[in-house]
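Novice: sharing a model that was predicted from the sequence below.
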Amino acid sequence: MQHSQTHLRSRPISAGHLRAFEAVARHLNFRAAAEEMALTQSAVSRQIQSLEEEVGVSLFLRHTRAVELTSAGAQLLLSVQQALPRIDMAVRQIRQSAGRKSVALTTFASFASMWLIPRLEAFQRDNPEIDIRIDASDIAVDLDVADVDIALRYGPPEGMPPGAVRLFGETLTPVASPWLIKSNPPIKTPADIARFTLIEAGDAHRTHLEWLTWRRWFEVNGLERAQPKRWLYFNYAYQMVQAALTGQGLVLARSSLIAESLANGDLIEVLPQHRLDSPMAYWLISGPRNALRPEIKAFSDWLEAQAVTTRQTIGEVPDPDTVDNLD
């Protein structure tokens, strides 16, 4: 389909065929797109042809057994892939406003397991009319387009968007189970740590989390050449802490995530005078169109109240209430 510049259309296109276009462009296959949309292949083909007629240029190059996007098709796809999720989200929000109140939040798996979920029953008890959906993933989502109301994130201040609310910071401290401590000679100096199995993240040395490693802790304490009895590696912080709780070794833990375990005596700080400050903090971020919904505000207020308790438990000073918001 070729059109000269003088024949290009000037009026806006109708939006009905854009889903078919997005599906074909994603699969580069009419049959797969038709199966996804529960339509016949000929119906999808007619929709694409109608869209091309409206746009005024070819969007696909058709080969015997495959299709590929033209430059115009690739340009249109970029906009369609951004617009359709926004439209879908708006429709979901409209439907939700007519039904049950709900809050959807995203956070990383260890924070959900170790901090959020143990506290969540209290909010549910006080707010039985609000449904909660947690998406525990280590992949940060775009709150502008995702079907999520709130994000709980972990990072330095410079990595947070304007309006982010600081919940609390953290220190790193060596901890172990009481049973492991009692069954071994006492730990009096940093060098004594090397007598134990040490637990840490398997990918910590290859990521931006290098400062979470035992190697950094040893270096700060003047033990650059120290090597432990053995290493035990896991993918997630909650797995590492669980291993420590069962006496399998020592873990360099994040104070804010184990505050309750320390308070209950399930874990013991073995060298509290050798804590390390962390540049990271935990943040509350609300989606741009969701902050005014009563259920979102109620849940955000509850999160901030829980954060105050955590700050008190870990002894975080000064209290950052006056510098919480990044504006």
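Specialist: Alright, I've got the coordinates. Numbering: from 1, shown residues only.
Novice: how far away is the residue nearest to residue 186 when sequence neighbours are not counted from residue 239?
Specialist: Closest residue to residue 186 apart from its sequence neighbours, by C-beta to C-beta, 6 or more residues apart in numbering: residue 192 at 7.7 Å. (Glycine included, C-beta is placed from N, CA and C.) For residue 192, the distance to residue 239 equals 25 Å [C-beta to C-beta, to the nearest Å].
Novice: please, where are all the strands along the stretch 51-200 of the chain?
Specialist: 60-62, 67-69, 101-107, 130-136, 150-155, 165-176, 197-201 (DSSP state E, counting those that start in this stretch).
Novice: what's the closest of those to residue 75?
Specialist: strand 67-69 (9.0 Å; C-beta to C-beta).
Novice: quick one: strands adjacent to the closest one?
Specialist: Applying DSSP bridges, strand 67-69 is found paired with strand 60-62 (antiparallel).
Novice: so for the strand it pairs with, mean pLDDT?
Specialist: Averaging pLDDT along strand 60-62 yields 93.
Novice: can you tell which of the strands of the stretch 51-200 of the chain is closest to residue 283?
Specialist: Evaluated with C-beta to C-beta, those place strand 150-155 nearest to residue 283, the distance being 4.9 Å.
Novice: and the contacts of the closest one?
Specialist: For strand 150-155, contacts defined as C-beta atoms under 8 Å, 6 or more residues apart in numbering pick out 103-108, 111, 116, 140-141, 143, 160, 164, 167, 280-287, 290, 296, 299-300, 303.
Novice: now do that strand against strand 130-136, angle only.
Specialist: Angle between the axes of strand 150-155 and strand 130-136 is 30 degrees (criterion: axes from the mean of the first three to the mean of the last three C-alpha atoms, to 10 degrees).
Novice: name every strand pairing with strand 150-155 and say which way it goes.
Specialist: Its sheet considered, strand 150-155 pairs with strand 101-107 (parallel), strand 276-286 (antiparallel) by DSSP bridges.
Novice: who's in contact with the first one?
Specialist: Residues outside strand 101-107 that contact it (C-beta under 8 Å, 6+ apart): 96, 116, 129-137, 140-141, 146-153, 294-296, 299.
Novice: where does the protein dip in pLDDT?
Specialist: Scanning the chain for pLDDT under 70 picks out 1-10, 93, 95-99, 145, 204-209, 289-291, 318-327.
Novice: my read: residue 166 touches residue 283, true?
Specialist: Yes - using C-beta atoms under 8 Å, residue 166 makes contact with residue 283 at a distance of 5.9 Å.
Novice: and for residue 212, the neighbour number?
Specialist: Using other C-beta atoms under 10 Å, residue 212 has 22 other residues around it.
Novice: distance of it from residue 14?
Specialist: Counting by C-beta to C-beta, the separation of residue 212 from residue 14 is 53 Å.
Novice: once you drop chain neighbours, what's closest to residue 284?
Specialist: Residue 284's closest residue in space is residue 165 (C-beta to C-beta, 6+ apart), at 4.2 Å.
Novice: got the residue ranges for the strands in the stretch 201-327 of the chain?
Specialist: Listed in chain order, the strands of the stretch 201-327 of the chain (DSSP E, counting those that start in this stretch) span 230-234, 250-254, 268-269, 276-286.
Novice: can you list those in a markdown table and add distance to residue 175 and mean neighbour count?
Specialist: Shown next, in a markdown table, are these (distance: least, C-beta to C-beta, whole Å; neighbours: other C-beta atoms under 10 Å):
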| stretch | distance to residue 175 | mean neighbour count |
| --- | --- | --- |
| strand 230-234 | 14 | 14 |
| strand 250-254 | 5 | 27 |
| strand 268-269 | 6 | 18 |
| strand 276-286 | 13 | 19 |
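Novice: related to what we said a few turns ago, what pairs with the residue nearest to residue 284 across the strands?
Specialist: Going by DSSP bridges, residue 165 forms beta bridges with residue 284, residue 325.
Novice: follow-up on the earlier one: distance to residue 122 added to the strands of the stretch 201-327 of the chain, as TSV?
Specialist: Listed next are the strands of the stretch 201-327 of the chain as TSV, based on distance: least, C-beta to C-beta, whole Å:
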stretch	distance to residue 122
strand 230-234	29
strand 250-254	22
strand 268-269	27
strand 276-286	17
